[in-house]
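Chemist: Using only what follows, build the 3D model:
(one chain, ligands or ions: 2)
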Amino acid sequence: MRLTENPLARASLPFAVAAAAIGVGYALSVGLAGYFVYLGVTAVVAAIALLGLGVVTGTAGMISLCQLTFAAVGAFVVSACNVAGVPGGFVVWLLLGGLAAAVAGVLVGLPALRLRGITLAVVTLGLAAAADLTLVQIQFPGATEGLSIERPDAFSDDRSYFLFAVLVLVACGLVVHFLRRGRWGSRWHLVAFSERGTAAVGAGVRTSKLTAFAVSAALGGVSGGLLTGQVGLAFPASFTAIQSLALYVLAIMSGAHLIDMAVFGALLWVAVPELLKRWGVPQDWGFVIFGVLGIQALAGRGNLGTAVRNLWYRSRKPTGLGLTDIPEVEPLPPGDPVLEVRGLSVHFGHVRALSEVDISVPEHGILGVIGPNGAGKSTLVDVISGFLPRATGTVTLDGRPLTGSPTRRARRGLRRTFQQDRVPPGLTVGAYVRFVARRRVTGREVADALEFFGCPPARTPLSRVDAGARRLVEVVGHLLARPRVLLLDEPAAGLPHEEHVAFGRRLRQVPARFGVSVLLIEHDLDLVRSVCDRLTVLDFGEVLASGPQADVLADPAVLKAYMGETELL
Ligand code: ADP
Ligand code: MG
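Modeler: Numbers count the residues shown, from 1 in each chain. Ligands and ions are numbered 1, 2, ... in the order given. Have a look, this model is predicted:
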């Protein structure tokens with residue numbers, strides 16, 4: 001039985017959680033002792049900064065060790081607005097602070113486009129240290145005069161300011177939630193998991209990273225502004241590089257890409273130093289504790305958020321394919337060539353991966369490319385889709401040369417899948433498929449296409465879909481994009497034999513159903529025989545034979561190359 005979805009309940013859930021959070025915030029603001037109210041604001045400020053880190057590190061998979069520098073930008077703008085008496089009051093200043101920090105985020109993100117991993121870590125930490133020193137030099141506006149920040153009128157005392165902070169946190173939480181559920185969020189997940197996968201969809205890797213940096217920094221800016229309102233005057237000591245580092249560690253270890261875990265991390269941020277103080281232990285030990293926990297998280301032991309969720313899901317088995325019978329559909333007769341490849345050659349050092357390869361995919365046709373391991377099949381797909389620019393030869397799509405980056409080629413209607421898994425586990429099947437389609441698709445269209453291939457329903461998290469079925473989800477996403485040509489690199493490799501055959505029957509209907517021509521790389525000759533009208537055989541990077549299926553499979557040269565498998569033919 002299929003569970004019926006209730007879209008209304010799903011859509012209103014975030015708002016219900018938000019209302020509950022505001023209710024709790026109100027109760028705490030009234031009920032807590034004064035000192036804890038103050039700590040509460042600190043926790044909320046940290047939660048917003050962690051939420052931002054969750055976007056850039058947890059979701060988009062980049063390292064940013066200067067979150068408090070962005071917070072300082074927000075604090076600086078709020079202080080400057082306070083000194084200048086900018087109209088609109090604190091709320092407007094806070095928004096301006098967030099905006100300025102977002103701009104700073106893009107500026108940091110730009111060079112970061114070329115950097116990854118440890119290099120990005122060093123650069124962002126260096127920036128944080130430099131900003132730290134600069135702040136001590138120039139001080140915040142109004143600091144020397146001791147000009148205190150004017151809080152919003154309705155929230156001027158500490159208790160109501162705590163409530164105000166909770167309101168800001170809830171607003172930030174909602175923004176992050178909806179961004180992550182939308183296009184940007186899908187991009188972030190995808191770019192974190194695979195940059196090549198992102199480009200193959202036709203989505204810019206650069207914009208994906210920059211938007212993540214901007215949103216993350218904006219949240220940092222808001223947290224810095226909020227902190228300034230709490231303490232009345234901003235001090236450089238609140239925004240040091242070592243604190244940025246500790247905050248990053250906390251984000252990693254709590255799993256701050258999950259909103260509740262960002263709040264949990266923030267509670268630790270406040271509780272650990274507080275407990276150390278009560279126990280009479282020097283506060284610097286807090287950094288040591290965060291460090292050890294962070295190493296645990298970075299060493300692949302996972303973070304607390306994921307661990308908690310795994311406990312929840314452990315009892316459930318991963319979802320595989322659920323195949324039903326499909327009616328036969330008459331294949332369309334193949335037409336003129338859509339994709340033509342002429343004289344393609346690629347070398348890797350002394351290895352000739354491809355030499356003078358010609359290939360032609362007819363409209364509504366399925367061309368099979370077969371050949372032993374290392375024959376150059378995946379290299380061929382890489383060249384056609386633009387991932388290996390140093391190849392020689394020509395590729396044309398609909399008679400026009402197909403050139404430029406993978407992103408550009410994808411946008412012209414050439415899509416590809418990968419032999420390795422490039423499907424990000426952080427999304428649901430539906431969110432991923434819609435993102436890969438990169439056009440407006442109805443829920444019906446998505447559901448039909450998934451059902452046709454026997455894939456799990458749209459709302460299933462990809463982390464719970466087994467590897468073989470995940471590859472077919474990738475195929476469905478690209479088909480929904482309605483490209484001119486789809487290149488499939490051993491799409492059924494992870495499937496058991498009978499599912500393999502069932503996939504072949506469906507693939508055969510793809511040109512008629514989706515209007516897409518297909519180049520299929522495959523090693524299972526049964527599948528090739530049942531699906532492909534024409535075949536090209538590659539061996540050591542050269543075309544051994546090419547033509548109608550029956551002729552190619554009867555070719556003595558092909559029989560020889562496939563010696564071990566002759567009984568299959
Ligand atoms: P297939 O997909 O047919 O199994 P590939 O296209 O992956 O084969 O590889 C073709 C040949 O090119 C192999 O000899 C492989 O070792 C070599 N090759 C592929 N990619 C690279 C690379 N990035 N650097 C060096 N050699 C490579
Ligand atoms: Mg391969």
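Chemist: Count the neighbours of Gly98 for me.
Modeler: Neighbourhood size, Gly98 [other CB atoms under 10 Å]: 29. For every residue, glycine as well, the C-beta is placed using N, CA and C.
Chemist: was I right about it contacting Gly224?
Modeler: No. With contact defined as CB atoms under 8 Å, Gly98 does not reach Gly224; the gap is 9.1 Å.
Chemist: shared neighbours of those two, anything?
Modeler: Gly74 (CB atoms under 8 Å, 6 or more residues apart in numbering).
Chemist: which SSE is the residue lying closest to Ser254 once chain neighbours are set aside in?
Modeler: In space, and not counting its chain neighbours, Ser254 is closest to Gly265: 3.4 Å by CB to CB, 6 or more residues apart in numbering. Here Gly265 sits within helix 259-278, counting by DSSP states H and E.
Chemist: Just checking the distance from that helix to the centre of its chain.
Modeler: Offset of helix 259-278 from its chain centre (CA atoms, centre = their mean, to the nearest Å): 28 Å.
Chemist: what's the answer for stretch 41-59, then?
Modeler: Centre-to-centre, stretch 41-59 and its host chain are 18 Å apart (CA atoms, centre = their mean).
Chemist: pLDDT on that stretch, on average?
Modeler: The average of the pLDDT scores along stretch 41-59 is 92.
Chemist: same question, stretch 439-458
Modeler: Average pLDDT, stretch 439-458: 92.
Chemist: okay, how far is it across that stretch, tip to tip?
Modeler: For stretch 439-458, the first-to-last residue distance is 17 Å (CA to CA, to the nearest Å).
Chemist: for ligand 2, what are the nearby residues on the stretch 401-550 of the chain?
Modeler: Gln419 (CB under 5 Å from the ion).
Chemist: got the residue ranges for the helices in the stretch 401-550 of the chain?
Modeler: Assigned by DSSP state H, counting those that start in this stretch, the stretch 401-550 of the chain shows helices spanning 406-411, 429-437, 443-452, 467-480, 497-508, 510-514, 525-531, 549-554.
Chemist: Columns mean neighbour count on top of those helices, output as CSV?
Modeler: Compiled in CSV, those are given as follows (neighbours: other CB atoms under 10 Å):
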stretch, mean neighbour count
helix 406-411, 20
helix 429-437, 24
helix 443-452, 16
helix 467-480, 23
helix 497-508, 17
helix 510-514, 19
helix 525-531, 18
helix 549-554, 15
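Chemist: Need those in a markdown table (columns: distance to ligand 1).
Modeler: Output for the helices of the stretch 401-550 of the chain, formatted as a markdown table (distance: least, CB to the nearest ligand atom, whole Å):
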| stretch | distance to ligand 1 |
| --- | --- |
| helix 406-411 | 15 |
| helix 429-437 | 22 |
| helix 443-452 | 27 |
| helix 467-480 | 15 |
| helix 497-508 | 18 |
| helix 510-514 | 22 |
| helix 525-531 | 14 |
| helix 549-554 | 17 |
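Chemist: CSV please, covering these and showing distance to Ile370.
Modeler: Shown next, in CSV, are the helices of the stretch 401-550 of the chain (distance: least, CB to CB, whole Å):
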stretch, distance to Ile370
helix 406-411, 24
helix 429-437, 26
helix 443-452, 25
helix 467-480, 19
helix 497-508, 14
helix 510-514, 18
helix 525-531, 6
helix 549-554, 9
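Chemist: Determine the number of other residues adjacent to whichever residue of the stretch 101-250 of the chain sits closest to ligand 1.
Modeler: The nearest approach of the stretch 101-250 of the chain to ligand 1 comes at Arg196, 12.2 Å away (CB to the nearest ligand atom). Neighbours of Arg196 under the rule other CB under 10 Å: 17.
Chemist: got the residues of this structure near ligand 2?
Modeler: Counting by CB under 5 Å from the ion, the residues of the chain near ligand 2 are 377-378, 419.
Chemist: most surrounded residue in these?
Modeler: Neighbour counts for the residues of the chain next to ligand 2 (other CB under 10 Å) peak at Lys377, which has 25 neighbours.
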